[in-house]
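*Asks:* Predicted structure and sequence below. I'll ask about it afterward.
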Amino acid sequence: MLGTVLIVDDDASIRNTARFVLAQEGYSTLTASDGETALQLMATGDNAAKVCTLLCDLQMPNMSGVELIRHFRKQYPDIPIIVLSGASDTVLLDAIMQEGVCDWIRQPATREAILEKVQTASNLFALRQQHRSQGFEAPE
């Protein structure tokens, strides 16, 4: 198993498509329809220890993607974040990148884009974990 990706999007078809694409390549997935549910999943069992990448939308009910990203940066700083969104606002994109997002996939996403970005993020996660285990601060 390559690792676990937490997919957070209020659109069930996007969640299911991403889950299917990633599962075909050997990733485990957890899915949530909003940020609050995602945080509950992270607090359940050993999910926080298994998740190697967060793939999330920006516009969701209950807790926006921006709020979720801010929480992840504080609570789970080693987990890379990829935004999966149809938003085209470059000011918003710049602001999100300032929050520590490692990448962006514009909707509609291709299978190749999802796999490439998740593979890069999961490699970054492994590198951060390795540095931390060696007593170094994780690279941003």
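*Replies:* Nice, thanks for sending it over.
*Asks:* and the residue sitting nearest the centre point of the chain, backbone torsions?
*Replies:* Geometric centre of the chain, nearest residue: residue 54, 1.4 Å, by Cα atoms, centre = their mean. With angles defined as degrees, to the nearest 10, residue 54 sits at phi -110, psi 130.
*Asks:* Report whether the expected contact of it with residue 79 is present.
*Replies:* Yes: counting by Cβ atoms under 8 Å, residue 54 touches residue 79, with 5.6 Å between them. For the C-beta atoms, the positions are set from N, CA and C on the backbone; glycine is no exception.
*Asks:* Return the helix or strand in the chain with minimum mean pLDDT.
*Replies:* helix 90-98 (a mean of 75; mean pLDDT, DSSP states H and E).
*Asks:* On the C-terminal side of it, identify the next helix or strand.
*Replies:* strand 103-106 (DSSP states H and E).
*Asks:* pLDDT averaged over that following strand - what is it?
*Replies:* Here strand 103-106 scores 90 as its mean pLDDT.
*Asks:* what's the answer for stretch 57-72, then?
*Replies:* 92.
*Asks:* Please give me every residue in contact with the closest residue to residue 88 other than its chain neighbours.
*Replies:* Among residues not flanking residue 88 along the chain, residue 106 sits closest, at 7.7 Å (Cβ to Cβ, 6 or more residues apart in numbering). Neighbour list for residue 106: 85, 86, 88 [criterion: Cβ atoms under 8 Å, 6 or more residues apart in numbering].
*Asks:* what do you get for residue 38?
*Replies:* 6, 8, 32, 54, 56, 68.
*Asks:* Might you list the low-confidence residue ranges for this structure?
*Replies:* Counting by pLDDT under 70, the ranges of the chain that qualify are 1, 137-140.
*Asks:* Run through the strands of it in chain order.
*Replies:* 4-8, 28-32, 51-56, 81-85, 103-106 (DSSP state E).
*Asks:* Of all the ones you listed, which one is nearest residue 134?
*Replies:* strand 51-56 (18.2 Å; Cβ to Cβ).
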